[in-house]
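**Q** Need a 3D model of the sequence below.
(2 chains)
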Amino acid sequence: MPGFDFIVLDSYPLGNAALPLVRPSSTLTESERCRQWMADCEAAGSVLLVPAIAYYEEVRDLYQRQAFAKVPRFQQFCFDPARYIPLTRDHLTNAAQLWGQMRRTGQTTADKHALDGDAILAAQVLSLNLQPGAFTVVTRNAAHITRFGLPAEPWENFTP
Amino acid sequence: MTLTLELRPEEAAALSAKATARGVDVATLLHDLVAHETRTENGEGVGVLPEGAAEKARVAALLQTWRRAEGLPTLDDGATHTPVAELFAQWEAEDAQLTPEEVEAERRFWEDYSRDRDNRGVEI
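**A** Just a heads-up that it's a prediction; the model follows:
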């Protein structure tokens, strides 16, 4: 699969960004390989994009675990001025419209009372007006993203 | 070169509306206009970026517009982009100072974190 100009990171693989490489073993775990993959993608010319909602989904786990010392690194990666997609009022409104449309047509993946971050992520990505074929959303839940008309796949699907 | 141009209000409004519709700021739109108007017959021109690069510049400008609205520092006012490889190298240099006990604690934390995430599966 060819490289993309833009790669949007969902919460997974994003959560692997702050993973330290301190293991004495030479065999990398899946998370560590994924971390390296992100660096390789950018080195190959892809722009990595971090939607604000994906940042939220991962950083909350660090807070829940009281892993406060790990937050600054994660933020340093996410909030880079060329990487972070801030959440705007329009994003929230558009996400709500997408969510309503999905519910009406029976395409649901979350409880009615859940926030459904996928709709917010989709609204953030759609607002960039990216050209088809120039980008993909990298995620573990491709079906949740493609229902919004966006391309999505797991990171293992392509090499930088 | 710095140019000062007095625009009529309707020109300024139209320019601003056009920039908003394209998701760029007025300066980026004007640079695009210069690039377009200086293009030669074979398509080359001053400041004309390859298609992929132009698209990346458009998206970068859009991100800066939203950052500005959020009060976040932008590439235009001093914030800098750090490539992932550079960031990781910096962290690895810091982590090289960890004691064996700290390394083991890190390993345990991330193993546990990854396992929980795998079990969680679907996000919100």
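**Q** use CA for all of it now, contacts and neighbours both
**A** Fine.
**Q** Kindly indicate whether A:Val50 is helix, strand or coil.
**A** Following DSSP: H, G, I helix; E, B strand; the rest coil, we place A:Val50 in the strand state.
**Q** For it, give me its contacts.
**A** A:Val50 sits next to A:8-10, A:14, A:78, A:83-85 when contact means CA atoms under 8 Å, 6 or more residues apart in numbering or on different chains.
**Q** That one - nearest residue in space that isn't next to it in sequence?
**A** Excluding the flanking residues, the one nearest A:Val50 by CA to CA, 6 or more residues apart in numbering or on different chains is A:Tyr84, at 4.7 Å.
**Q** and the gap between B:Ala96 and A:Met38?
**A** Separation of B:Ala96 from A:Met38 (CA to CA, to the nearest Å): 21 Å.
**Q** Quick check: A:Ser11 touching A:Glu57?
**A** Yes. In this structure A:Ser11 lies within contact range of A:Glu57 using CA atoms under 8 Å: 6.1 Å.
**Q** The two: who's more crowded?
**A** A:Ser11 (24 against 18; other CA atoms under 10 Å in any protein chain shown).
**Q** now that we're looking at the more buried one, how far away is chain B from it?
**A** 8 Å (CA to the nearest CA, to the nearest Å).
**Q** so where does the closest residue to A:Ala43 other than its chain neighbours fall, helix or strand?
**A** Counting by CA to CA, 6+ apart, B:Ala85 is the residue found nearest to A:Ala43 once chain neighbours are left out, at 7.5 Å. For B:Ala85, the host element (DSSP states H and E) is helix B:84-95.
**Q** pull the CA atoms of that helix into CSV?
**A** Output of helix B:84-95 as CSV, limited to C-alpha atoms (Å, rounded to 0.1, in the frame of the first residue of the first chain):
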residue,chain,number,x,y,z
VAL,B,84,8.8,12.3,15.8
ALA,B,85,12.2,10.7,15.3
GLU,B,86,13.8,13.6,17.0
LEU,B,87,11.4,13.5,19.9
PHE,B,88,11.9,9.8,20.4
ALA,B,89,15.7,10.2,20.3
GLN,B,90,15.4,12.9,23.0
TRP,B,91,13.3,10.7,25.2
GLU,B,92,15.5,7.7,24.7
ALA,B,93,18.5,9.8,25.8
GLU,B,94,16.6,10.8,29.0
ASP,B,95,15.5,7.2,29.6
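**Q** Give me the contact list for that helix.
**A** So helix B:84-95 is contacted by A:20-22, A:38-40, A:42-43, A:77 (CA under 8 Å, 6+ apart).
**Q** Buried subset of those as a PyMOL selection?
**A** In PyMOL syntax, the buried subset of these is picked out as below (16 or more other CA atoms under 10 Å in any protein chain shown):
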select buried, chain A and resi 20+21+22+38+39+40+42+77
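**Q** In chain B, what residue spans correspond to helices?
**A** According to DSSP state H, chain B carries its helices in the segments B:9-22, B:26-37, B:51-70, B:84-95, B:100-120.
**Q** Tell me how many other residues crowd A:Phe68.
**A** 11.
**Q** isn't it right up against A:Arg60?
**A** No. Using CA under 8 Å, A:Phe68 makes no contact with A:Arg60, being 10.4 Å away.
**Q** In contact with the closest residue to A:Pro86 other than its chain neighbours, which residues?
**A** Spatially, and ignoring its direct neighbours in sequence, A:Pro86 is nearest to A:Ala52 (5.5 Å; CA to CA, 6+ apart). The contact partners of A:Ala52, taken as CA under 8 Å, 6+ apart, are A:84-87, A:121.
**Q** Name the nearest residue to A:Gly133, ignoring sequence neighbours.
**A** Nearest to A:Gly133 is A:Phe4, by CA to CA, 6+ apart, at 7.4 Å.
**Q** can you tell me which residues contact that neighbour?
**A** A:46, A:133-136.
**Q** separation between A:Arg103 and A:Gly149?
**A** With CA to CA as the criterion, A:Arg103 and A:Gly149 are 15 Å apart.
**Q** Quick one: low-confidence residue ranges for chain A.
**A** A:1-2, A:22-25, A:109-110, A:113-115 (pLDDT under 70).
**Q** Okay, now the unreliable bits of chain B?
**A** B:1-2, B:8-10, B:13-51, B:120-124.
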